[in-house]
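Visitor: Fold the following, please.
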Amino acid sequence: MRKPISILLLCLIALGPVQAQQTRLNLGGDSYAAGQSSSIGETVPGDAFVAGFDTSLGGDVGGDAHMAGFNVAADKPVQGDLYAAGFSVTISQPVGGDVTAFGNNVRVQPGAAITGNARLSGAGIDLAAPIAGAALISAETLELNAAVQGDFEFFGNKIVFGPQASIAGTVRIHAPAAIEVPASVAPADKVSFEVLQSTDYAGEAGKTAEHVMRGIWPAIWAVAIWWLSLVVLGALVIALLPRVTATFEDRAASRPLRTLGLGVLGFAAALGLVPVTAMTILGIVLLPFVLLAAFILCVLAYLTGVYLLALRAGRSFARIDTTPKRLGALVVGTVLAGLIGMLPFLGWLISLLLLTFGFGIFVRSLSERAMPAPRSGRQKPAGTRTA
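Guide: Numbering: from 1, shown residues only. As a prediction, this is how the structure comes out:
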């Protein structure tokens, strides 16, 4: 749980208002840095999180290091694991744990000895530092000029072996054409080769269609359960809150444009609570509750819009003045709204319209209850006397 929260904090810092300047935060022994050119610049007892266009550590890291950017440079020793992602990734100092790095170009320089395992992926990879563990590499071209003490597995097209290259464990190579491994790198009995086959797109398409057909019934059941949940929720509101339901019906019968306008404001306010809450570190604690509240509001607003518009349309053909008839309108409206929502292009617009209309009813109810009733000009304040 600790790492996802730390990564979220890093993302919030990276979205700060001043992108050209660096923003830094120290929390619980961990350090965070984000900006156009970002660097920790000091010794970190815990974990380090760095994000930006040009990123570097600038100080030793006692825990794990997480780095992301366009140009990523792990220029100081890392006692734990190193995670690096960018267009160009350069590792120049020792790493006490595992290394996971991917980018267009990944360079592990001679001074960057890796104590654990290495997982590298990129178009071009230059591995010139010894690895005490295993190595899993995926690259268009790999230049190997270091010793690998564990197993070695490669996915790609080409490997260039340097004079310092050696592999103590088993060697498994996956490539379109055979790659010769010199005896100085690994004995022939430890080397295995597998040809990378081209993908059978027709066969994969058939498998995908089969999976889709098998997945139709679960999808149908999921939609049916969602509709049933909406109907049950709406039935409870109609049965338990008849006065509120009647008030909503009265407001839905007048000023539809005003209702839609207020609905846009209400919907925007409900969604706007989420980024506003996430702007502060303390707000992150409340963020799950705000998300849940916004979801519940949207469900209730959508259900309100569906019911009221279905009721208004149904009253054009028949008299709906009893609870069973209202429940019937709710069921028919929920099913029709769900089917219409599945239409391409127009479906989501109509669903958004129903949601907005429901929010408009909520906003009108709150505003009209808060406003005092207007007094007639003929009435006189109590206690006044006529001349």
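
Visitor: Stretch 67-85: how far from the chain's middle?
Guide: Mean-position distance between stretch 67-85 and its chain equals 23 Å (CA atoms, centre = their mean, to the nearest Å).

Visitor: List the buried residues of it.
Guide: Across stretch 67-85, burial judged by 16 or more other CB atoms under 10 Å covers 67-69, 71-85. From N, CA and C alone the C-beta is placed, and that goes for glycine too.

Visitor: shaky segments in the stretch 251-387 of the chain?
Guide: Residues of the stretch 251-387 of the chain meeting the criterion pLDDT under 70: 277-285, 369-387.

Visitor: what about the residue nearest to Phe357 when sequence neighbours are not counted, how many neighbours?
Guide: Nearest residue to Phe357 in three dimensions, chain neighbours excluded: Gly305, at 4.0 Å (CB to CB, 6 or more residues apart in numbering). As a burial measure, Gly305 scores 27 neighbours (other CB atoms under 10 Å).

Visitor: What segments of this structure are strands?
Guide: 23-27, 30-39, 48-56, 65-74, 82-91, 99-108, 118-127, 135-144, 147-148, 152-161, 166-167, 171-175, 191-195 (DSSP state E).

Visitor: In a markdown table: those, plus distance to Ala253 and mean pLDDT.
Guide: Formatted as a markdown table, those follow (distance: least, CB to CB, whole Å; pLDDT from 0 to 100):
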| stretch | distance to Ala253 | mean pLDDT |
| --- | --- | --- |
| strand 23-27 | 53 | 77 |
| strand 30-39 | 53 | 83 |
| strand 48-56 | 54 | 88 |
| strand 65-74 | 55 | 91 |
| strand 82-91 | 57 | 93 |
| strand 99-108 | 60 | 93 |
| strand 118-127 | 62 | 93 |
| strand 135-144 | 64 | 93 |
| strand 147-148 | 77 | 96 |
| strand 152-161 | 66 | 92 |
| strand 166-167 | 79 | 95 |
| strand 171-175 | 69 | 92 |
| strand 191-195 | 72 | 91 |
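
Visitor: need these in JSON lines with distance to Trp226, can you?
Guide: Formatted as JSON lines, the strands of the chain follow (distance: least, CB to CB, whole Å):
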{"stretch": "strand 23-27", "distance to Trp226": "40"}
{"stretch": "strand 30-39", "distance to Trp226": "40"}
{"stretch": "strand 48-56", "distance to Trp226": "38"}
{"stretch": "strand 65-74", "distance to Trp226": "37"}
{"stretch": "strand 82-91", "distance to Trp226": "37"}
{"stretch": "strand 99-108", "distance to Trp226": "39"}
{"stretch": "strand 118-127", "distance to Trp226": "40"}
{"stretch": "strand 135-144", "distance to Trp226": "41"}
{"stretch": "strand 147-148", "distance to Trp226": "53"}
{"stretch": "strand 152-161", "distance to Trp226": "42"}
{"stretch": "strand 166-167", "distance to Trp226": "55"}
{"stretch": "strand 171-175", "distance to Trp226": "44"}
{"stretch": "strand 191-195", "distance to Trp226": "46"}
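
Visitor: among these, which is nearest Leu366?
Guide: Counting by CB to CB, Leu366 lies closest to strand 23-27 out of these; the figure is 38.5 Å.

Visitor: Please name every helix or strand in contact with the closest one.
Guide: helix 2-14, strand 30-39 (3 or more CB pairs under 8 Å, 6 or more residues apart in numbering; DSSP states H and E).

Visitor: what is Glu194 paired to in the beta sheet?
Guide: Assessed by DSSP bridges, Glu194 has beta-bridge partners His174.

Visitor: actually Gly156, sorry about that
Guide: Beta-bridge partners for Gly156, by DSSP bridges, are Ala139.

Visitor: can you pull out the helices in the stretch 151-300 of the chain?
Guide: Here the stretch 151-300 of the chain has its helices, by DSSP state H, counting those that start in this stretch, at 201-214, 216-240, 242-252, 256-278, 281-314.

Visitor: and of those, who's closest to Lys325?
Guide: With CB to CB, the closest approach to Lys325 among those belongs to helix 281-314: 8.0 Å.

Visitor: For the closest one, buried residues please.
Guide: Buried residues in helix 281-314, defined by neighbour count with 16+ other CB under 10 Å: 283, 290, 294, 297-312, 314.

Visitor: can I assume Thr334 is in contact with Ser229?
Guide: No: between Thr334 and Ser229 there is no contact under CB atoms under 8 Å: 9.7 Å.

Visitor: Same list, the helices of the stretch 151-300 of the chain, but as CSV with distance to Gly35 please.
Guide: Formatted as CSV, those follow (distance: least, CB to CB, whole Å):
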stretch, distance to Gly35
helix 201-214, 43
helix 216-240, 44
helix 242-252, 50
helix 256-278, 19
helix 281-314, 18
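
Visitor: list the contacts for the closest residue to Gly314 other than its chain neighbours?
Guide: Closest residue to Gly314 apart from its sequence neighbours, by CB to CB, 6+ apart: Ala329 at 4.7 Å. Ala329 sits next to Tyr307, Ala310, Leu311, Gly314, Ile320 when contact means CB atoms under 8 Å, 6 or more residues apart in numbering.

Visitor: More neighbours: Thr334 and Ser229, which one.
Guide: Neighbour comparison, Thr334 and Ser229: the larger count goes to Thr334, with 23 against 13 (by other CB under 10 Å).

Visitor: What about Asn105, how many residues nearby?
Guide: When counting by other CB under 10 Å, one arrives at 15 neighbours for Asn105.
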